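*Asks:* only geometry, no sequence info:
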């Protein structure tokens, strides 16, 4: 996952060059069934028991990268949905105003069937700045 959103690029630059401040947000992992771009999510999964998950355990960055140090587990699905990408957001729900921070596409999209649990294993969500 190496694509920063336009929002985060601007916040980091403003912070770095003293033209604005940016505080570290709470980071939530979301699932997208569309095609996110630098300007925002494609089509975030909704319904079917889906909820963004707060990710608090990350490795210390090295060589421009970090990764989740514990599993990120989504609730058991109550309906089927397809996952094409993972998005990092600065808010917990689609209903409130939130900003996409980062996004990355799965190597292969995954159909999550009813009663399945989507999980990102520890050390499997790599976040890089290239």
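*Replies:* Now that the structure is in, tell me what you want to look at. In this text the structure is predicted, and so the values were computed from the model without any measurement.
*Asks:* Residue 26: how many residues sit nearby?
*Replies:* Using other CB atoms under 10 Å, residue 26 has 11 neighbouring residues. Every C-beta, even on glycine, is put in place using the N, C-alpha and C of the backbone.
*Asks:* where along this protein do the helices fall?
*Replies:* Taking DSSP state H, the helices of the chain run over residues 6-16.
*Asks:* got any ranges where it has weak pLDDT?
*Replies:* 1-2, 94-97 (pLDDT under 70).
*Asks:* again, only this time at 90
*Replies:* Across the chain, the ranges flagged by pLDDT under 90 are 1-9, 11-12, 15-16, 18, 20-26, 40-42, 47-48, 63-65, 91-99, 129-130.
*Asks:* State the distance from the residue with the shortest distance to the centre of it to residue 30.
*Replies:* Centroid-nearest residue in the chain, with CA atoms, centre = their mean: residue 88, separated by 2.2 Å. Counting by CB to CB, to the nearest Å, the gap from residue 88 to residue 30 is 7 Å.
*Asks:* same deal with residue 116?
*Replies:* For residue 116, the distance to residue 30 - CB to CB - is 17 Å.
*Asks:* returning to what we had before: identify the bridge partners of the residue nearest to the centre of the chain.
*Replies:* residue 29, residue 102 (DSSP bridges).
*Asks:* buried residues in stretch 3-11?
*Replies:* 3, 4, 5, 7, 8, 11 (16 or more other CB atoms under 10 Å).
*Asks:* can you check stretch 112-127 too?
*Replies:* 112, 118, 120, 125, 127.
*Asks:* ok, the third one touching residue 68?
*Replies:* I take that to be residue 120. Yes. The pair residue 120 and residue 68 passes the contact test of CB atoms under 8 Å, sitting 6.5 Å apart.
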